[in-house]
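Participant: Please find the sequence and the predicted model below.
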Amino acid sequence: MFIGSLRSSSAKVATITPRDIRKMDDARRVELGCSAVPGFSQHEFTLLPLAEAQTHDEIYFVECPSTVNGPMRLLNTTTFELHTFTADDLPSYAILSHCWRDGEVLFTDIQDLNVATTKPGWRKVERACWHAKYRYGFDWLWDDTCCIDKSSSAELSEALNSMFAWYQGSGLCLVYLDDVRDGEEPVWLASTFRKSRWFTRGWTLPELLAPSSSMVFLTRSWTPIGTRQSLAPILEELTKIDATVLATSDPRTMIYGTSLATRMSWAAGRKTSRPEDRAYSLMGIFNVSMPTIYGEGGSRAFRRLQLEIIRQSNDHSLFAWGSRTKQSESQALPEAAGAKNHSVSEMFTGSLLAASPDDFNEGTDTWATPLSALTETLGAPPIRESHFEETNAGIRIQLPLRRLSSESRNGPHLYYAGLACYMVSGLGWENRADWLGLVLLKVDKDTYVCLRSCVIGEAMGNDHAWRTERMVALPPAQPVTGLKGRLGRWLGWFETSEKWEVSTIYIRMGDS
(Lines give C-alpha, C1' and ligand atoms only; values in the text may rest on other atoms or scores of the structure.)
Protein backbone atom coordinates (compact mmCIF):
# COMPACT_ATOMS: atom_id res chain seq x y z
CA MET A 1 0.00 0.00 0.00
CA PHE A 2 1.02 3.59 -0.46
CA ILE A 3 0.81 6.82 1.50
CA GLY A 4 1.25 10.09 -0.32
CA SER A 5 0.94 13.85 -0.09
CA LEU A 6 -1.20 16.05 -2.29
CA ARG A 7 0.45 19.38 -3.10
CA SER A 8 -1.47 22.40 -4.29
CA SER A 9 -1.27 26.15 -4.45
CA SER A 10 -4.67 26.47 -2.77
CA ALA A 11 -3.13 25.55 0.61
CA LYS A 12 -6.29 23.97 1.94
CA VAL A 13 -6.43 20.94 4.17
CA ALA A 14 -8.40 17.73 3.90
CA THR A 15 -8.08 13.99 4.22
CA ILE A 16 -9.11 11.93 1.22
CA THR A 17 -9.22 8.27 0.32
CA PRO A 18 -8.99 6.61 -3.10
CA ARG A 19 -12.75 6.73 -3.61
CA ASP A 20 -12.52 10.54 -3.52
CA ILE A 21 -10.09 10.56 -6.46
CA ARG A 22 -11.70 10.80 -9.87
CA LYS A 23 -8.57 9.85 -11.81
CA MET A 24 -4.80 9.60 -11.53
CA ASP A 25 -2.32 9.47 -14.40
CA ASP A 26 1.11 7.87 -14.61
CA ALA A 27 2.74 11.04 -13.28
CA ARG A 28 0.54 10.66 -10.19
CA ARG A 29 -1.42 13.81 -11.00
CA VAL A 30 -4.85 13.35 -9.52
CA GLU A 31 -8.25 14.97 -9.93
CA LEU A 32 -10.75 15.01 -7.10
CA GLY A 33 -14.44 14.35 -7.56
CA CYS A 34 -16.78 17.33 -7.45
CA SER A 35 -18.13 16.46 -4.01
CA ALA A 36 -15.16 14.53 -2.67
CA VAL A 37 -13.95 17.11 -0.18
CA PRO A 38 -15.64 20.36 0.88
CA GLY A 39 -13.82 23.25 -0.74
CA PHE A 40 -12.21 21.09 -3.46
CA SER A 41 -13.74 20.53 -6.87
CA GLN A 42 -12.27 19.77 -10.26
CA HIS A 43 -8.79 20.83 -9.09
CA GLU A 44 -5.70 18.95 -10.16
CA PHE A 45 -2.99 18.05 -7.66
CA THR A 46 0.29 16.21 -7.87
CA LEU A 47 0.69 13.18 -5.60
CA LEU A 48 4.15 12.82 -4.09
CA PRO A 49 5.22 9.46 -2.62
CA LEU A 50 6.03 9.54 1.08
CA ALA A 51 6.71 6.07 2.37
CA GLU A 52 5.78 2.48 1.93
CA ALA A 53 3.48 1.47 4.76
CA GLN A 54 1.32 -1.50 5.64
CA THR A 55 -2.20 -0.10 5.74
CA HIS A 56 -5.66 -1.41 4.91
CA ASP A 57 -6.41 1.47 2.59
CA GLU A 58 -4.56 4.06 0.60
CA ILE A 59 -4.71 7.45 2.30
CA TYR A 60 -3.62 10.75 0.79
CA PHE A 61 -3.18 14.07 2.48
CA VAL A 62 -3.72 17.52 1.04
CA GLU A 63 -1.18 19.95 2.39
CA CYS A 64 -2.35 21.96 5.38
CA PRO A 65 -3.05 25.69 5.28
CA SER A 66 -0.34 28.01 6.44
CA THR A 67 -0.81 28.93 10.10
CA VAL A 68 2.36 31.03 10.22
CA ASN A 69 1.73 34.68 11.04
CA GLY A 70 5.23 36.10 11.10
CA PRO A 71 8.40 35.70 9.02
CA MET A 72 10.00 32.28 8.72
CA ARG A 73 13.53 31.41 7.68
CA LEU A 74 13.91 28.32 5.44
CA LEU A 75 16.87 26.39 4.07
CA ASN A 76 17.08 25.74 0.33
CA THR A 77 17.42 21.99 -0.11
CA THR A 78 19.72 22.37 -3.13
CA THR A 79 21.98 25.34 -2.37
CA PHE A 80 21.80 25.18 1.47
CA GLU A 81 21.15 28.93 1.52
CA LEU A 82 18.79 30.52 4.02
CA HIS A 83 15.92 32.69 2.86
CA THR A 84 13.38 34.62 4.95
CA PHE A 85 9.75 34.46 3.86
CA THR A 86 6.72 36.39 5.02
CA ALA A 87 3.46 34.63 5.78
CA ASP A 88 2.06 35.78 2.44
CA ASP A 89 4.82 34.31 0.26
CA LEU A 90 5.67 31.23 2.31
CA PRO A 91 6.33 28.24 0.01
CA SER A 92 5.62 24.60 0.74
CA TYR A 93 8.32 23.23 3.02
CA ALA A 94 9.40 20.10 4.83
CA ILE A 95 10.41 20.20 8.48
CA LEU A 96 12.92 18.13 10.45
CA SER A 97 12.28 16.69 13.90
CA HIS A 98 15.28 15.20 15.68
CA CYS A 99 17.26 15.15 18.92
CA TRP A 100 20.12 17.58 19.26
CA ARG A 101 23.64 16.19 19.51
CA ASP A 102 27.07 17.77 19.99
CA GLY A 103 28.38 19.61 16.95
CA GLU A 104 25.07 20.66 15.36
CA VAL A 105 25.18 23.14 12.47
CA LEU A 106 24.02 26.44 13.95
CA PHE A 107 22.70 29.63 12.36
CA THR A 108 26.13 31.26 12.31
CA ASP A 109 27.71 28.13 10.82
CA ILE A 110 25.31 27.85 7.88
CA GLN A 111 26.29 31.36 6.71
CA ASP A 112 29.58 29.87 5.50
CA LEU A 113 29.38 26.39 3.99
CA ASN A 114 33.14 25.98 4.42
CA VAL A 115 32.48 26.12 8.16
CA ALA A 116 29.16 24.26 8.15
CA THR A 117 30.53 21.24 6.28
CA THR A 118 33.20 20.70 8.96
CA LYS A 119 30.64 20.30 11.76
CA PRO A 120 29.63 16.77 12.91
CA GLY A 121 25.99 17.72 12.37
CA TRP A 122 26.45 18.59 8.69
CA ARG A 123 25.71 15.05 7.56
CA LYS A 124 22.25 15.28 9.14
CA VAL A 125 21.48 18.61 7.45
CA GLU A 126 22.72 17.33 4.11
CA ARG A 127 20.73 14.08 4.25
CA ALA A 128 17.57 15.85 5.43
CA CYS A 129 17.78 18.24 2.49
CA TRP A 130 18.44 15.38 0.06
CA HIS A 131 15.42 13.39 1.25
CA ALA A 132 13.18 16.47 1.31
CA LYS A 133 14.21 17.38 -2.24
CA TYR A 134 14.72 14.14 -4.13
CA ARG A 135 12.46 11.72 -2.29
CA TYR A 136 9.57 14.00 -1.46
CA GLY A 137 9.89 16.98 -3.81
CA PHE A 138 10.36 19.91 -1.42
CA ASP A 139 12.64 22.84 -2.30
CA TRP A 140 12.68 24.18 1.25
CA LEU A 141 13.39 22.72 4.68
CA TRP A 142 13.14 24.06 8.21
CA ASP A 143 15.64 22.78 10.79
CA ASP A 144 15.71 24.25 14.30
CA THR A 145 19.49 24.03 14.56
CA CYS A 146 20.31 26.44 11.73
CA CYS A 147 17.11 28.32 10.89
CA ILE A 148 16.87 30.27 14.19
CA ASP A 149 19.33 32.92 15.33
CA LYS A 150 19.45 31.94 18.98
CA SER A 151 21.80 34.81 19.81
CA SER A 152 18.77 37.10 19.53
CA SER A 153 16.49 36.67 22.54
CA ALA A 154 13.65 38.41 20.70
CA GLU A 155 13.90 36.09 17.69
CA LEU A 156 14.22 33.04 19.92
CA SER A 157 11.09 33.99 21.90
CA GLU A 158 9.13 34.57 18.68
CA ALA A 159 10.35 31.25 17.27
CA LEU A 160 9.35 29.28 20.36
CA ASN A 161 5.89 30.82 20.29
CA SER A 162 5.62 30.02 16.56
CA MET A 163 7.06 26.49 16.72
CA PHE A 164 3.74 24.64 16.88
CA ALA A 165 2.38 26.63 13.92
CA TRP A 166 5.55 25.98 11.91
CA TYR A 167 5.24 22.23 12.37
CA GLN A 168 1.53 22.39 11.72
CA GLY A 169 2.05 24.31 8.48
CA SER A 170 4.68 22.00 7.05
CA GLY A 171 3.96 19.88 3.99
CA LEU A 172 5.96 16.99 5.44
CA CYS A 173 7.63 16.23 8.77
CA LEU A 174 10.74 14.04 8.72
CA VAL A 175 11.44 12.42 12.09
CA TYR A 176 15.08 11.37 12.15
CA LEU A 177 15.88 8.81 14.88
CA ASP A 178 19.67 8.53 14.99
CA ASP A 179 19.57 5.80 17.65
CA VAL A 180 17.25 3.40 15.78
CA ARG A 181 18.82 0.55 13.83
CA ASP A 182 17.71 -0.80 10.47
CA GLY A 183 16.09 -4.19 10.10
CA GLU A 184 13.99 -4.05 13.28
CA GLU A 185 10.23 -4.07 13.60
CA PRO A 186 8.79 -1.38 15.91
CA VAL A 187 6.42 -3.99 17.35
CA TRP A 188 9.35 -5.83 18.89
CA LEU A 189 9.46 -5.03 22.59
CA ALA A 190 13.26 -4.87 22.53
CA SER A 191 13.47 -2.76 19.37
CA THR A 192 15.63 0.36 19.39
CA PHE A 193 12.60 2.28 18.09
CA ARG A 194 10.80 1.82 21.40
CA LYS A 195 13.91 2.93 23.30
CA SER A 196 14.65 5.97 21.17
CA ARG A 197 15.63 9.12 23.02
CA TRP A 198 13.21 11.05 20.79
CA PHE A 199 10.27 9.77 22.86
CA THR A 200 11.71 11.20 26.09
CA ARG A 201 12.37 14.79 25.05
CA GLY A 202 10.10 17.75 25.77
CA TRP A 203 10.15 19.52 22.41
CA THR A 204 9.43 16.37 20.42
CA LEU A 205 5.95 16.17 21.96
CA PRO A 206 4.54 19.17 20.04
CA GLU A 207 6.57 18.01 17.03
CA LEU A 208 4.67 14.71 17.18
CA LEU A 209 1.26 16.33 17.56
CA ALA A 210 1.41 19.50 15.46
CA PRO A 211 1.92 18.37 11.85
CA SER A 212 -1.31 18.24 9.89
CA SER A 213 0.54 16.75 6.93
CA SER A 214 2.31 13.42 6.61
CA MET A 215 4.91 12.49 9.20
CA VAL A 216 7.57 9.92 8.33
CA PHE A 217 9.84 8.21 10.88
CA LEU A 218 13.37 7.36 9.69
CA THR A 219 16.16 5.16 11.08
CA ARG A 220 19.72 6.33 11.64
CA SER A 221 20.51 5.43 8.00
CA TRP A 222 17.43 7.39 6.81
CA THR A 223 15.39 4.28 6.02
CA PRO A 224 11.61 4.88 6.37
CA ILE A 225 10.02 3.03 9.30
CA GLY A 226 6.46 4.20 8.86
CA THR A 227 4.18 7.18 9.36
CA ARG A 228 2.44 8.58 12.41
CA GLN A 229 -0.77 7.02 11.12
CA SER A 230 0.64 3.56 10.46
CA LEU A 231 2.57 3.51 13.76
CA ALA A 232 -0.24 5.03 15.86
CA PRO A 233 -0.90 1.93 18.05
CA ILE A 234 2.80 1.63 18.94
CA LEU A 235 3.14 5.38 19.47
CA GLU A 236 0.20 5.20 21.89
CA GLU A 237 2.08 2.64 23.99
CA LEU A 238 5.18 4.84 24.08
CA THR A 239 3.56 8.25 24.61
CA LYS A 240 0.20 7.57 26.35
CA ILE A 241 -1.47 9.58 23.56
CA ASP A 242 -4.59 7.91 22.22
CA ALA A 243 -4.04 6.31 18.83
CA THR A 244 -7.14 8.00 17.44
CA VAL A 245 -5.46 11.37 18.02
CA LEU A 246 -2.27 10.23 16.32
CA ALA A 247 -4.00 8.51 13.42
CA THR A 248 -5.97 11.52 12.23
CA SER A 249 -4.46 13.68 9.50
CA ASP A 250 -5.30 16.88 11.41
CA PRO A 251 -4.91 16.16 15.14
CA ARG A 252 -5.35 19.78 16.20
CA THR A 253 -9.13 19.52 16.64
CA MET A 254 -8.83 16.36 18.71
CA ILE A 255 -5.99 17.81 20.80
CA TYR A 256 -7.95 20.92 21.72
CA GLY A 257 -10.97 18.75 22.51
CA THR A 258 -8.95 16.72 25.02
CA SER A 259 -8.99 17.68 28.70
CA LEU A 260 -6.19 19.88 30.04
CA ALA A 261 -5.14 17.19 32.53
CA THR A 262 -4.80 14.56 29.81
CA ARG A 263 -2.74 16.88 27.62
CA MET A 264 -0.50 17.67 30.58
CA SER A 265 -0.07 13.94 31.24
CA TRP A 266 1.45 13.51 27.78
CA ALA A 267 4.36 15.71 28.89
CA ALA A 268 4.94 13.89 32.20
CA GLY A 269 8.40 12.34 32.42
CA ARG A 270 9.86 14.18 29.44
CA LYS A 271 13.15 16.05 29.75
CA THR A 272 14.53 19.28 28.34
CA SER A 273 18.04 20.73 28.43
CA ARG A 274 16.76 23.94 30.03
CA PRO A 275 14.15 23.64 32.80
CA GLU A 276 11.97 26.44 31.44
CA ASP A 277 11.49 24.56 28.16
CA ARG A 278 9.25 22.02 29.89
CA ALA A 279 6.66 24.82 29.99
CA TYR A 280 7.58 26.64 26.78
CA SER A 281 7.35 23.46 24.71
CA LEU A 282 3.67 23.10 25.69
CA MET A 283 2.44 26.51 24.55
CA GLY A 284 1.15 25.30 21.19
CA ILE A 285 -0.53 22.22 22.66
CA PHE A 286 -2.62 24.54 24.86
CA ASN A 287 -2.96 27.25 22.20
CA VAL A 288 -1.39 29.98 24.32
CA SER A 289 1.50 32.40 23.88
CA MET A 290 3.72 34.00 26.48
CA PRO A 291 7.15 35.65 26.72
CA THR A 292 10.04 33.25 27.25
CA ILE A 293 12.30 34.22 30.14
CA TYR A 294 15.26 31.90 30.51
CA GLY A 295 16.57 32.02 34.05
CA GLU A 296 13.14 32.25 35.72
CA GLY A 297 13.22 28.54 36.58
CA GLY A 298 11.07 25.64 35.49
CA SER A 299 8.39 25.89 38.20
CA ARG A 300 7.84 29.62 37.66
CA ALA A 301 7.60 29.14 33.89
CA PHE A 302 5.11 26.31 34.38
CA ARG A 303 3.06 28.45 36.74
CA ARG A 304 2.91 31.22 34.12
CA LEU A 305 1.81 28.65 31.54
CA GLN A 306 -1.07 27.52 33.75
CA LEU A 307 -2.20 31.11 34.36
CA GLU A 308 -2.21 31.74 30.60
CA ILE A 309 -4.32 28.61 30.16
CA ILE A 310 -6.75 29.80 32.86
CA ARG A 311 -7.30 33.02 30.92
CA GLN A 312 -8.58 31.01 27.97
CA SER A 313 -10.17 27.88 29.43
CA ASN A 314 -12.76 26.93 32.07
CA ASP A 315 -11.61 23.30 32.21
CA HIS A 316 -11.44 22.23 35.88
CA SER A 317 -9.13 19.32 35.10
CA LEU A 318 -6.18 21.75 35.23
CA PHE A 319 -6.53 21.42 39.02
CA ALA A 320 -6.96 17.61 38.95
CA TRP A 321 -3.36 16.54 39.48
CA GLY A 322 -1.38 14.71 42.11
CA SER A 323 -2.01 11.57 44.13
CA ARG A 324 -5.60 10.41 44.47
CA THR A 325 -7.71 8.71 47.09
CA LYS A 326 -9.68 5.90 45.50
CA GLN A 327 -13.47 5.93 45.65
CA SER A 328 -13.62 2.97 48.03
CA GLU A 329 -11.24 4.79 50.37
CA SER A 330 -13.11 8.10 49.98
CA GLN A 331 -16.31 6.41 51.07
CA ALA A 332 -14.64 5.33 54.31
CA LEU A 333 -13.79 8.90 55.36
CA PRO A 334 -15.68 10.24 58.38
CA GLU A 335 -18.62 12.54 57.65
CA ALA A 336 -19.07 15.98 59.16
CA ALA A 337 -22.33 14.98 60.83
CA GLY A 338 -20.44 12.68 63.16
CA ALA A 339 -17.05 14.34 63.05
CA LYS A 340 -17.16 15.79 66.52
CA ASN A 341 -15.51 12.58 67.72
CA HIS A 342 -12.74 12.84 65.11
CA SER A 343 -9.57 14.89 65.09
CA VAL A 344 -7.12 15.79 62.35
CA SER A 345 -3.82 14.25 63.39
CA GLU A 346 -1.82 15.21 60.27
CA MET A 347 -2.38 17.87 57.65
CA PHE A 348 -0.12 19.12 54.87
CA THR A 349 -1.13 22.08 52.75
CA GLY A 350 -0.29 22.25 49.08
CA SER A 351 -0.81 24.31 45.94
CA LEU A 352 -3.74 24.66 43.58
CA LEU A 353 -1.35 24.89 40.62
CA ALA A 354 1.08 22.13 39.71
CA ALA A 355 4.86 22.54 39.85
CA SER A 356 5.60 20.58 36.66
CA PRO A 357 3.92 18.33 34.07
CA ASP A 358 5.09 15.35 36.15
CA ASP A 359 2.31 16.14 38.64
CA PHE A 360 -0.20 15.07 35.96
CA ASN A 361 1.29 11.61 35.55
CA GLU A 362 -2.02 9.97 36.56
CA GLY A 363 -4.20 12.23 34.41
CA THR A 364 -4.22 10.24 31.17
CA ASP A 365 -7.86 9.14 31.55
CA THR A 366 -9.23 12.41 32.95
CA TRP A 367 -12.26 13.80 31.14
CA ALA A 368 -13.70 17.30 31.43
CA THR A 369 -17.50 17.67 31.66
CA PRO A 370 -20.06 20.49 31.64
CA LEU A 371 -20.73 22.06 35.02
CA SER A 372 -24.35 20.92 34.82
CA ALA A 373 -23.23 17.28 34.73
CA LEU A 374 -21.22 17.81 37.91
CA THR A 375 -24.01 19.48 39.89
CA GLU A 376 -26.63 16.96 38.71
CA THR A 377 -24.40 14.06 39.75
CA LEU A 378 -23.76 15.54 43.19
CA GLY A 379 -27.31 16.79 43.69
CA ALA A 380 -25.96 20.32 44.11
CA PRO A 381 -27.50 23.65 43.08
CA PRO A 382 -26.47 24.91 39.62
CA ILE A 383 -23.23 26.83 39.17
CA ARG A 384 -23.99 30.29 37.83
CA GLU A 385 -20.41 31.38 37.03
CA SER A 386 -18.54 29.05 34.70
CA HIS A 387 -15.39 31.17 34.48
CA PHE A 388 -12.62 31.46 37.03
CA GLU A 389 -9.83 33.96 37.26
CA GLU A 390 -6.57 34.89 38.94
CA THR A 391 -6.73 37.51 41.71
CA ASN A 392 -4.29 38.66 44.37
CA ALA A 393 -6.23 36.48 46.85
CA GLY A 394 -5.96 33.36 44.70
CA ILE A 395 -8.11 31.78 42.02
CA ARG A 396 -11.68 33.05 42.27
CA ILE A 397 -13.99 30.18 41.33
CA GLN A 398 -17.50 28.95 42.01
CA LEU A 399 -17.61 25.31 43.13
CA PRO A 400 -19.89 22.88 44.97
CA LEU A 401 -18.62 22.40 48.54
CA ARG A 402 -19.44 19.91 51.27
CA ARG A 403 -18.12 19.70 54.80
CA LEU A 404 -15.72 16.95 55.65
CA SER A 405 -15.16 17.96 59.30
CA SER A 406 -17.26 19.82 61.85
CA GLU A 407 -16.72 23.54 62.22
CA SER A 408 -15.61 23.49 65.83
CA ARG A 409 -14.05 26.63 67.26
CA ASN A 410 -10.52 25.23 67.41
CA GLY A 411 -10.51 22.42 64.86
CA PRO A 412 -9.70 22.77 61.13
CA HIS A 413 -12.57 23.29 58.75
CA LEU A 414 -12.20 20.78 55.93
CA TYR A 415 -14.33 20.63 52.78
CA TYR A 416 -14.75 18.62 49.64
CA ALA A 417 -14.74 20.78 46.49
CA GLY A 418 -16.21 19.13 43.40
CA LEU A 419 -14.52 19.56 40.02
CA ALA A 420 -16.22 19.22 36.64
CA CYS A 421 -14.10 16.28 35.55
CA TYR A 422 -13.93 12.56 36.13
CA MET A 423 -11.43 9.76 35.75
CA VAL A 424 -12.22 6.47 34.07
CA SER A 425 -10.96 3.46 36.00
CA GLY A 426 -11.31 -0.28 35.60
CA LEU A 427 -11.41 -2.41 32.46
CA GLY A 428 -14.22 -3.60 30.22
CA TRP A 429 -17.49 -4.09 32.07
CA GLU A 430 -15.76 -3.14 35.32
CA ASN A 431 -14.90 0.42 34.26
CA ARG A 432 -16.53 3.35 36.03
CA ALA A 433 -16.34 7.12 36.15
CA ASP A 434 -14.94 8.52 39.41
CA TRP A 435 -15.86 12.17 39.79
CA LEU A 436 -12.90 14.11 41.13
CA GLY A 437 -12.63 16.67 43.87
CA LEU A 438 -10.19 18.53 46.09
CA VAL A 439 -9.90 18.56 49.87
CA LEU A 440 -9.77 22.19 51.02
CA LEU A 441 -8.92 23.84 54.32
CA LYS A 442 -10.90 26.97 55.11
CA VAL A 443 -8.56 29.68 56.37
CA ASP A 444 -10.81 32.73 56.15
CA LYS A 445 -14.39 33.64 55.34
CA ASP A 446 -14.13 32.87 51.62
CA THR A 447 -10.50 31.76 51.36
CA TYR A 448 -9.27 28.18 51.17
CA VAL A 449 -6.05 26.27 50.60
CA CYS A 450 -5.60 22.84 49.04
CA LEU A 451 -4.46 19.98 51.21
CA ARG A 452 -1.66 17.80 49.89
CA SER A 453 -2.70 15.08 52.33
CA CYS A 454 -4.60 14.73 55.55
CA VAL A 455 -4.94 12.06 58.26
CA ILE A 456 -8.14 12.02 60.30
CA GLY A 457 -8.00 9.88 63.42
CA GLU A 458 -10.33 9.01 66.29
CA ALA A 459 -10.15 11.19 69.35
CA MET A 460 -12.01 8.71 71.57
CA GLY A 461 -9.38 5.99 71.84
CA ASN A 462 -10.21 4.20 68.60
CA ASP A 463 -7.11 3.32 66.60
CA HIS A 464 -8.89 3.60 63.24
CA ALA A 465 -7.76 6.52 61.06
CA TRP A 466 -8.48 7.73 57.55
CA ARG A 467 -6.01 9.22 55.12
CA THR A 468 -6.97 11.37 52.16
CA GLU A 469 -4.68 12.50 49.35
CA ARG A 470 -4.84 15.76 47.41
CA MET A 471 -7.43 14.41 44.97
CA VAL A 472 -10.43 12.33 46.02
CA ALA A 473 -13.08 10.39 44.14
CA LEU A 474 -16.24 12.13 45.25
CA PRO A 475 -18.67 10.10 47.36
CA PRO A 476 -22.26 9.39 46.21
CA ALA A 477 -24.73 12.26 46.04
CA GLN A 478 -27.55 10.60 48.01
CA PRO A 479 -27.48 8.66 51.29
CA VAL A 480 -28.05 4.92 51.28
CA THR A 481 -31.04 4.14 53.51
CA GLY A 482 -32.85 1.11 54.86
CA LEU A 483 -31.20 -2.22 55.60
CA LYS A 484 -28.43 -1.53 53.07
CA GLY A 485 -27.69 1.78 54.77
CA ARG A 486 -27.62 0.28 58.27
CA LEU A 487 -25.37 -2.53 57.05
CA GLY A 488 -23.11 0.01 55.40
CA ARG A 489 -22.80 2.06 58.59
CA TRP A 490 -22.08 -1.09 60.62
CA LEU A 491 -19.29 -1.99 58.15
CA GLY A 492 -17.88 1.53 58.27
CA TRP A 493 -18.91 2.60 54.77
CA PHE A 494 -19.29 6.29 54.01
CA GLU A 495 -22.76 7.71 54.68
CA THR A 496 -23.67 10.81 52.70
CA SER A 497 -25.52 13.09 55.10
CA GLU A 498 -24.13 16.52 54.23
CA LYS A 499 -25.55 18.45 51.32
CA TRP A 500 -23.53 20.15 48.61
CA GLU A 501 -23.69 23.93 48.48
CA VAL A 502 -22.35 26.10 45.67
CA SER A 503 -20.14 28.98 46.80
CA THR A 504 -17.83 31.51 45.21
CA ILE A 505 -14.48 31.09 46.93
CA TYR A 506 -10.81 32.01 46.60
CA ILE A 507 -8.27 29.18 46.51
CA ARG A 508 -4.68 30.17 47.15
CA MET A 509 -2.34 29.14 44.36
CA GLY A 510 0.63 28.34 46.59
CA ASP A 511 4.19 29.56 46.35
CA SER A 512 5.39 30.80 42.97
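Facilitator: Yep, that arrived. Every value quoted in this text rests on a predicted model; they were computed, and no experiment measured them. Numbers count the residues shown, from 1 in each chain.
Participant: which residues sit in contact with the spatially most central residue of the chain?
Facilitator: The centroid of the chain falls nearest to Arg263 when counting by C-alpha atoms, centre = their mean (2.4 Å). Arg263 makes contact with Ile255, Leu282, Ile285, Phe286, according to C-beta atoms under 8 Å, 6 or more residues apart in numbering. Glycine gets a C-beta too; all of them are placed from N, C-alpha and C.
Participant: Let's see that with 10 Å instead.
Facilitator: Each residue near Arg263 by C-beta atoms under 10 Å, 6 or more residues apart in numbering is listed here: 205, 209, 241, 255-256, 282, 285-286, 309, 315, 317-318, 357, 360, 363, 366.
Participant: Could you pull out the buried residues of the top helix by length along the chain?
Facilitator: Ranked by number of residues, the top helix in the chain under DSSP state H is helix 153-168. For helix 153-168, the neighbour count (16 or more other C-beta atoms under 10 Å) marks Ser157, Glu158, Ala159, Leu160, Asn161, Ser162, Met163, Phe164, Ala165, Trp166, Tyr167, Gln168 as buried.
Participant: Just to check, the first one is in contact with Thr292?
Facilitator: Spelled out, that is Ser157. Yes - counting by C-beta atoms under 10 Å, Thr292 is a contact partner of Ser157 at 4.4 Å.
Participant: ok, the residue nearest to the centre of the chain to Ser213 distance?
Facilitator: Per C-beta to C-beta, to the nearest Å, Arg263 is found 21 Å from Ser213.
Participant: Pro412 falls within a strand, correct?
Facilitator: No - Pro412 sits outside any strand when classified using DSSP: H, G, I helix; E, B strand; the rest coil, being coil.
Participant: Residue numbering should commence at 687 henceforth.
Facilitator: Sure thing, new numbering starts at 687, so read that last one as Pro1098.
Participant: my guess is it contacts Met1033, does it?
Facilitator: Yes - look at Pro1098 against Met1033 with C-beta under 10 Å: they come within range, at 6.4 Å.
Participant: Now list whatever residues contact both of Ser843 and Thr978.
Facilitator: Among the neighbours of Ser843, those also in contact with Thr978 (C-beta under 10 Å, 6+ apart) are Tyr966.
Participant: for this structure, which spans come out with low pLDDT?
Facilitator: Applying pLDDT under 70 to the chain picks out residues 687-755, 1012-1032, 1091-1097, 1112-1118, 1142-1152, 1161-1184, 1197-1198.
Participant: Now do the helices in it.
Facilitator: Ranges of helices within the chain are 793-796, 799-802, 808-816, 839-854, 890-895, 918-925, 929-933, 938-942, 946-953, 963-966, 984-996, 1013-1016, 1057-1064, 1168-1177, based on DSSP H.
Participant: which residues sit in contact with the closest residue to Met976 other than its chain neighbours?
Facilitator: If the residues on either side of it in the chain are set aside, Met976 comes closest to Glu994, at 5.1 Å by C-beta to C-beta, 6 or more residues apart in numbering. By C-beta under 10 Å, 6+ apart, the residues touching Glu994 are Ala965, Met969, Phe972, Asn973, Val974, Ser975, Met976.
Participant: if we can go back for a sec, only whichever of the contacts of Arg949 are buried, select them in PyMOL.
Facilitator: Remark: buried members of the contacts of Arg949, expressed as a PyMOL selection using 16+ other C-beta under 10 Å:
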select buried, resi 891+895+927+941+968+971+972+995+1001+1003+1004+1043+1046+1049+1052
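Participant: Which of the contacts of Arg949 sits closest to Leu1064?
Facilitator: Ser1003 (16.7 Å; C-beta to C-beta).
Participant: need the contact list for that closest one.
Facilitator: Counting by C-beta under 10 Å, 6+ apart, Ser1003 touches 944-951, 1046, 1049, 1052-1055, 1105-1109, 1122.
Participant: what's Gln797 in contact with, if anything?
Facilitator: Neighbour list for Gln797: Glu767, Leu768, Cys832 [criterion: C-beta under 10 Å, 6+ apart].
Participant: so the second one bridges to which residues?
Facilitator: Note on Leu768: beta-bridge partners by DSSP bridges are Leu761.
Participant: what's the burial count for it?
Facilitator: Neighbour count of Leu768, defined by other C-beta atoms under 10 Å: 15.
Participant: I'd like to know how far it sits from Thr1077.
Facilitator: From Leu768 across to Thr1077, the span is 46 Å (C-beta to C-beta).
Participant: go on, the first one?
Facilitator: Here the criterion is C-beta to C-beta. By it, Glu767 lies 52 Å from Thr1077.
Participant: How much space separates Tyr862 from Trp908?
Facilitator: For Tyr862 relative to Trp908 (C-beta to C-beta), the value is 7 Å.
Participant: Run through the strands of the stretch 687-836 of the chain in chain order.
Facilitator: Counting by DSSP state E, counting those that start in this stretch, one finds strands in the stretch 687-836 of the chain at the ranges 688-693, 700-702, 707-710, 715-718, 730-738, 745-748, 758-762, 768-771, 780-783, 826-828.
Participant: Give me the sheet partners of the last one and which way each runs.
Facilitator: Yep, that's strand 826-828 we're talking about. strand 758-762 (antiparallel), strand 780-783 (parallel).
Participant: Would you format those strands as JSON lines with mean neighbour count included?
Facilitator: Formatted as JSON lines, these follow (neighbours: other C-beta atoms under 10 Å):
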{"stretch": "strand 758-762", "mean neighbour count": "20"}
{"stretch": "strand 780-783", "mean neighbour count": "28"}
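Participant: Thanks again, I'm all set now.
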